[in-house]
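**Student:** got a sequence here, can you build the structure:
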Amino acid sequence: MQNHLKVALIQTTLVWENPIQNRINLRDKIDEISESVDLIVLPEMFTTGFSMNPESIAESMDGVTVKWMTHIAKEKDVAIVGSCIIQDNKKFYNRLLFVEPNGKISSYDKRHTFTLAGEDKVYESGNHRLIVTYKGWKICPLVCYDLRFPVFARNTEDYDALIYVANWPKVRISAWDTLLKARAIENMSYCIGVNRVGLDFNNYEYSGHSAAYDVLGERLDDIPHGKEAIAIITLDKAHISKYRGKLGFLNDKDGFTLK
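**Tutor:** Now for the predicted structure:
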(Lines give C-alpha, C1' and ligand atoms only; values in the text may rest on other atoms or scores of the structure.)
Protein backbone atom coordinates (compact mmCIF):
# COMPACT_ATOMS: atom_id res chain seq x y z
CA MET A 1 0.00 0.00 0.00
CA GLN A 2 1.20 3.50 -0.84
CA ASN A 3 0.54 6.47 1.41
CA HIS A 4 0.83 8.79 -1.58
CA LEU A 5 -0.58 8.52 -5.08
CA LYS A 6 0.80 10.74 -7.82
CA VAL A 7 -1.74 11.50 -10.55
CA ALA A 8 -1.29 13.18 -13.96
CA LEU A 9 -4.30 15.04 -15.38
CA ILE A 10 -4.21 15.50 -19.16
CA GLN A 11 -6.42 18.34 -20.42
CA THR A 12 -6.39 18.18 -24.20
CA THR A 13 -8.12 18.93 -27.47
CA LEU A 14 -9.64 15.99 -29.33
CA VAL A 15 -9.75 15.38 -33.07
CA TRP A 16 -13.31 14.59 -34.10
CA GLU A 17 -13.94 10.88 -34.68
CA ASN A 18 -10.27 10.19 -35.41
CA PRO A 19 -8.98 7.51 -33.00
CA ILE A 20 -5.64 7.17 -34.79
CA GLN A 21 -4.72 10.85 -34.50
CA ASN A 22 -6.00 11.13 -30.94
CA ARG A 23 -3.88 8.17 -29.85
CA ILE A 24 -0.84 9.75 -31.50
CA ASN A 25 -1.50 13.12 -29.84
CA LEU A 26 -2.11 11.59 -26.43
CA ARG A 27 0.98 9.40 -26.69
CA ASP A 28 3.03 12.55 -27.30
CA LYS A 29 1.53 14.19 -24.22
CA ILE A 30 2.13 11.11 -22.08
CA ASP A 31 5.75 11.09 -23.23
CA GLU A 32 6.03 14.71 -22.00
CA ILE A 33 5.48 13.57 -18.40
CA SER A 34 9.04 13.65 -17.09
CA GLU A 35 8.46 12.46 -13.53
CA SER A 36 7.22 9.15 -12.25
CA VAL A 37 3.46 9.01 -11.71
CA ASP A 38 1.08 6.28 -10.57
CA LEU A 39 -1.99 7.18 -12.60
CA ILE A 40 -2.78 9.08 -15.81
CA VAL A 41 -6.30 10.45 -16.34
CA LEU A 42 -7.63 11.14 -19.84
CA PRO A 43 -10.95 12.78 -20.83
CA GLU A 44 -14.23 11.11 -21.76
CA MET A 45 -14.33 9.53 -25.26
CA PHE A 46 -10.67 10.43 -25.63
CA THR A 47 -10.30 8.78 -29.06
CA THR A 48 -13.28 10.45 -30.77
CA GLY A 49 -14.81 13.36 -28.93
CA PHE A 50 -18.43 13.13 -27.73
CA SER A 51 -19.77 11.42 -30.83
CA MET A 52 -23.26 10.01 -31.35
CA ASN A 53 -22.05 8.04 -34.40
CA PRO A 54 -20.62 4.85 -32.90
CA GLU A 55 -21.32 2.61 -35.91
CA SER A 56 -18.17 3.68 -37.74
CA ILE A 57 -15.80 4.31 -34.84
CA ALA A 58 -16.66 1.88 -32.05
CA GLU A 59 -14.04 -0.67 -31.02
CA SER A 60 -14.15 -3.99 -29.21
CA MET A 61 -12.42 -4.87 -25.97
CA ASP A 62 -9.85 -6.59 -28.17
CA GLY A 63 -9.42 -3.47 -30.29
CA VAL A 64 -6.56 -1.08 -30.90
CA THR A 65 -7.37 1.42 -28.15
CA VAL A 66 -7.54 -1.15 -25.36
CA LYS A 67 -4.25 -2.65 -26.56
CA TRP A 68 -2.79 0.88 -26.76
CA MET A 69 -3.76 1.58 -23.15
CA THR A 70 -2.40 -1.78 -22.02
CA HIS A 71 0.91 -1.17 -23.81
CA ILE A 72 1.37 2.29 -22.31
CA ALA A 73 0.47 1.08 -18.82
CA LYS A 74 3.08 -1.67 -19.01
CA GLU A 75 5.77 0.44 -20.69
CA LYS A 76 5.40 3.41 -18.35
CA ASP A 77 4.57 1.33 -15.26
CA VAL A 78 1.49 3.45 -14.70
CA ALA A 79 -2.28 2.99 -14.56
CA ILE A 80 -4.30 4.87 -17.17
CA VAL A 81 -7.99 5.73 -17.13
CA GLY A 82 -10.40 7.29 -19.63
CA SER A 83 -13.52 6.40 -21.58
CA CYS A 84 -14.01 5.39 -25.21
CA ILE A 85 -16.71 3.97 -27.47
CA ILE A 86 -16.96 0.20 -27.13
CA GLN A 87 -19.20 -2.25 -28.97
CA ASP A 88 -20.08 -5.29 -26.89
CA ASN A 89 -22.70 -7.92 -27.78
CA LYS A 90 -23.98 -5.71 -30.61
CA LYS A 91 -24.58 -2.79 -28.24
CA PHE A 92 -22.63 0.45 -27.89
CA TYR A 93 -21.27 1.74 -24.60
CA ASN A 94 -19.51 4.86 -23.37
CA ARG A 95 -17.11 2.67 -21.40
CA LEU A 96 -14.54 3.84 -18.92
CA LEU A 97 -11.43 1.68 -18.77
CA PHE A 98 -8.99 1.57 -15.86
CA VAL A 99 -5.89 -0.25 -17.08
CA GLU A 100 -3.11 -1.22 -14.68
CA PRO A 101 0.57 -1.93 -15.41
CA ASN A 102 0.09 -5.65 -14.80
CA GLY A 103 -2.51 -5.79 -17.58
CA LYS A 104 -5.60 -5.86 -15.38
CA ILE A 105 -8.51 -4.01 -16.99
CA SER A 106 -11.50 -2.77 -14.97
CA SER A 107 -14.45 -1.24 -16.78
CA TYR A 108 -17.46 0.93 -16.01
CA ASP A 109 -20.26 1.74 -18.44
CA LYS A 110 -21.56 5.28 -18.02
CA ARG A 111 -24.66 5.04 -15.84
CA HIS A 112 -26.22 8.42 -16.63
CA THR A 113 -26.28 8.79 -20.40
CA PHE A 114 -26.74 12.42 -21.44
CA THR A 115 -30.36 12.72 -22.55
CA LEU A 116 -29.96 16.36 -23.67
CA ALA A 117 -27.67 15.16 -26.48
CA GLY A 118 -29.55 11.92 -27.15
CA GLU A 119 -26.79 9.74 -25.71
CA ASP A 120 -29.47 7.56 -24.11
CA LYS A 121 -30.82 6.67 -27.57
CA VAL A 122 -27.41 5.57 -28.88
CA TYR A 123 -25.54 4.05 -25.94
CA GLU A 124 -26.61 1.48 -23.38
CA SER A 125 -26.60 2.67 -19.79
CA GLY A 126 -24.45 0.89 -17.24
CA ASN A 127 -25.97 -0.82 -14.23
CA HIS A 128 -23.13 -0.98 -11.72
CA ARG A 129 -20.60 1.27 -10.04
CA LEU A 130 -16.91 0.45 -10.12
CA ILE A 131 -14.52 0.68 -7.19
CA VAL A 132 -10.91 0.00 -8.18
CA THR A 133 -8.30 -0.88 -5.57
CA TYR A 134 -4.92 0.22 -6.89
CA LYS A 135 -1.74 0.44 -4.84
CA GLY A 136 -3.88 0.37 -1.71
CA TRP A 137 -6.11 3.24 -2.87
CA LYS A 138 -9.84 2.77 -3.39
CA ILE A 139 -10.87 4.77 -6.45
CA CYS A 140 -14.37 5.39 -7.83
CA PRO A 141 -14.15 6.44 -11.52
CA LEU A 142 -17.25 7.96 -13.15
CA VAL A 143 -18.11 9.72 -16.42
CA CYS A 144 -19.21 13.31 -17.11
CA TYR A 145 -23.02 13.54 -16.62
CA ASP A 146 -22.70 11.20 -13.60
CA LEU A 147 -21.39 14.27 -11.78
CA ARG A 148 -24.91 15.69 -11.52
CA PHE A 149 -26.19 12.73 -9.49
CA PRO A 150 -24.77 12.73 -5.94
CA VAL A 151 -26.63 9.64 -4.76
CA PHE A 152 -24.80 7.46 -7.28
CA ALA A 153 -21.45 8.84 -6.10
CA ARG A 154 -22.22 8.58 -2.36
CA ASN A 155 -19.24 7.25 -0.44
CA THR A 156 -20.64 4.04 1.00
CA GLU A 157 -17.42 2.05 0.43
CA ASP A 158 -15.01 4.48 2.11
CA TYR A 159 -13.27 5.11 -1.18
CA ASP A 160 -10.34 7.51 -1.20
CA ALA A 161 -10.82 9.29 -4.51
CA LEU A 162 -13.51 10.09 -7.05
CA ILE A 163 -12.47 10.58 -10.68
CA TYR A 164 -14.67 12.12 -13.36
CA VAL A 165 -13.64 12.05 -17.03
CA ALA A 166 -15.63 14.43 -19.20
CA ASN A 167 -16.57 16.31 -22.34
CA TRP A 168 -18.34 19.11 -20.42
CA PRO A 169 -19.12 22.19 -22.57
CA LYS A 170 -18.16 25.74 -21.66
CA VAL A 171 -21.78 26.92 -21.59
CA ARG A 172 -22.42 24.88 -18.42
CA ILE A 173 -18.92 24.96 -16.93
CA SER A 174 -20.04 26.75 -13.75
CA ALA A 175 -22.00 23.62 -12.79
CA TRP A 176 -18.90 21.47 -13.41
CA ASP A 177 -16.78 23.66 -11.12
CA THR A 178 -19.37 23.70 -8.36
CA LEU A 179 -20.27 20.02 -8.44
CA LEU A 180 -16.69 18.74 -8.47
CA LYS A 181 -15.98 20.67 -5.30
CA ALA A 182 -19.26 19.54 -3.74
CA ARG A 183 -18.55 15.85 -4.45
CA ALA A 184 -15.20 16.17 -2.64
CA ILE A 185 -16.71 17.88 0.40
CA GLU A 186 -19.80 15.69 0.82
CA ASN A 187 -17.87 12.43 0.36
CA MET A 188 -14.76 13.51 2.28
CA SER A 189 -12.64 12.16 -0.57
CA TYR A 190 -10.30 13.54 -3.13
CA CYS A 191 -12.20 14.49 -6.28
CA ILE A 192 -10.52 14.79 -9.67
CA GLY A 193 -12.17 15.96 -12.88
CA VAL A 194 -10.50 15.88 -16.30
CA ASN A 195 -12.28 17.72 -19.11
CA ARG A 196 -11.30 18.40 -22.70
CA VAL A 197 -10.70 21.75 -24.43
CA GLY A 198 -11.33 23.08 -27.95
CA LEU A 199 -14.22 22.92 -30.42
CA ASP A 200 -15.94 19.76 -31.58
CA PHE A 201 -17.64 18.96 -34.89
CA ASN A 202 -20.93 20.39 -33.62
CA ASN A 203 -19.20 23.67 -32.76
CA TYR A 204 -19.52 23.14 -29.02
CA GLU A 205 -16.71 24.82 -27.12
CA TYR A 206 -14.93 23.13 -24.21
CA SER A 207 -12.93 25.20 -21.76
CA GLY A 208 -11.36 22.47 -19.65
CA HIS A 209 -11.54 23.54 -16.01
CA SER A 210 -9.94 20.22 -15.09
CA ALA A 211 -9.33 20.24 -11.36
CA ALA A 212 -8.49 18.29 -8.23
CA TYR A 213 -9.87 18.90 -4.74
CA ASP A 214 -8.98 17.51 -1.33
CA VAL A 215 -11.48 16.25 1.26
CA LEU A 216 -12.15 19.79 2.48
CA GLY A 217 -12.80 21.08 -1.03
CA GLU A 218 -9.47 22.88 -1.34
CA ARG A 219 -8.02 23.11 -4.85
CA LEU A 220 -4.80 21.15 -5.46
CA ASP A 221 -3.92 22.15 -9.03
CA ASP A 222 -3.35 25.25 -11.12
CA ILE A 223 -4.45 24.02 -14.56
CA PRO A 224 -5.14 26.97 -16.90
CA HIS A 225 -8.60 27.26 -18.41
CA GLY A 226 -9.11 26.81 -22.14
CA LYS A 227 -5.64 25.47 -22.90
CA GLU A 228 -4.01 22.09 -23.28
CA ALA A 229 -2.16 21.29 -20.09
CA ILE A 230 -0.78 18.52 -17.93
CA ALA A 231 -0.93 18.80 -14.16
CA ILE A 232 0.58 16.42 -11.63
CA ILE A 233 -0.90 16.24 -8.15
CA THR A 234 -0.14 14.09 -5.12
CA LEU A 235 -2.86 12.49 -3.02
CA ASP A 236 -2.04 11.77 0.63
CA LYS A 237 -3.69 9.05 2.76
CA ALA A 238 -2.77 10.93 5.93
CA HIS A 239 -4.88 13.89 4.80
CA ILE A 240 -7.93 11.64 4.42
CA SER A 241 -7.41 9.91 7.78
CA LYS A 242 -6.82 13.18 9.62
CA TYR A 243 -10.02 14.91 8.58
CA ARG A 244 -12.31 11.88 8.53
CA GLY A 245 -11.12 11.09 12.05
CA LYS A 246 -11.35 14.67 13.25
CA LEU A 247 -14.67 15.60 11.67
CA GLY A 248 -16.46 12.26 11.27
CA PHE A 249 -19.07 13.54 8.82
CA LEU A 250 -19.29 10.26 6.93
CA ASN A 251 -20.39 8.51 10.13
CA ASP A 252 -23.63 10.47 9.99
CA LYS A 253 -24.57 9.66 6.40
CA ASP A 254 -28.01 8.28 5.58
CA GLY A 255 -28.38 4.65 4.59
CA PHE A 256 -30.01 3.75 1.27
CA THR A 257 -30.03 1.13 -1.45
CA LEU A 258 -29.51 1.84 -5.16
CA LYS A 259 -31.75 0.00 -7.60
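
**Student:** not counting sequence-adjacent ones, nearest residue to the most centrally placed residue in the chain?
**Tutor:** In the chain, the residue lying closest to the centroid (C-alpha atoms, centre = their mean) is V165, at 2.9 Å. Sequence neighbours aside, E44 is the residue nearest to V165 in space, at 4.6 Å (criterion: C-beta to C-beta, 6 or more residues apart in numbering). From N, CA and C alone the C-beta is placed, and that goes for glycine too.

**Student:** where's the one you found relative to N195, distance?
**Tutor:** 8 Å (C-beta to C-beta, to the nearest Å).

**Student:** and what of Q87?
**Tutor:** 25 Å.

**Student:** the residue nearest to V165 against N167, yeah?
**Tutor:** Yes - applying C-beta atoms under 8 Å as the test, E44 and N167 come out as touching, 4.8 Å apart.

**Student:** what do these two both touch?
**Tutor:** Shared contacts of E44 and N167 (C-beta atoms under 8 Å, 6 or more residues apart in numbering): 50, 144, 196.

**Student:** and the first one, what does it touch?
**Tutor:** By C-beta under 8 Å, 6+ apart, the contact set of F50 is 44, 117, 167, 200, 204.

**Student:** that one: what secondary structure?
**Tutor:** coil (DSSP: H, G, I helix; E, B strand; the rest coil).

**Student:** thinking again about what came up before, identify the bridge partners of the residue nearest to the centre of the chain.
**Tutor:** Under DSSP bridges, the beta-bridge partners of V165 are V143, V194.

**Student:** let's number from 52 now, not from 1
**Tutor:** Taking 52 as the first residue, the last one we looked at is V216.

**Student:** just confirm it contacts N145, I think it does.
**Tutor:** No - in this structure, V216 is not within contact of N145 by C-beta under 8 Å, at 10.0 Å.

**Student:** and the strands in this structure, which stretches?
**Tutor:** 55-62, 90-92, 130-139, 142-150, 156-160, 183-185, 188-194, 212-217, 241-246, 248-250, 256-258, 262-264, 280-287 (DSSP state E).

**Student:** sorry, back to before: in helices, which of the contacts of F101 fall?
**Tutor:** Judged by DSSP state H, helices contain none of the contacts of F101.

**Student:** wait, which of the residues you listed is closest to L298?
**Tutor:** E95 (32.1 Å; C-beta to C-beta).

**Student:** how deep is the closest one tucked in, by neighbour count?
**Tutor:** Counted with other C-beta atoms under 10 Å, residues neighbouring E95 total 25.

**Student:** distance check, the closest residue to Y255 other than its chain neighbours against V173.
**Tutor:** Of all residues not flanking Y255 in the chain, P220 sits nearest, at 4.8 Å (C-beta to C-beta, 6+ apart). From P220 across to V173, the span is 18 Å (C-beta to C-beta).
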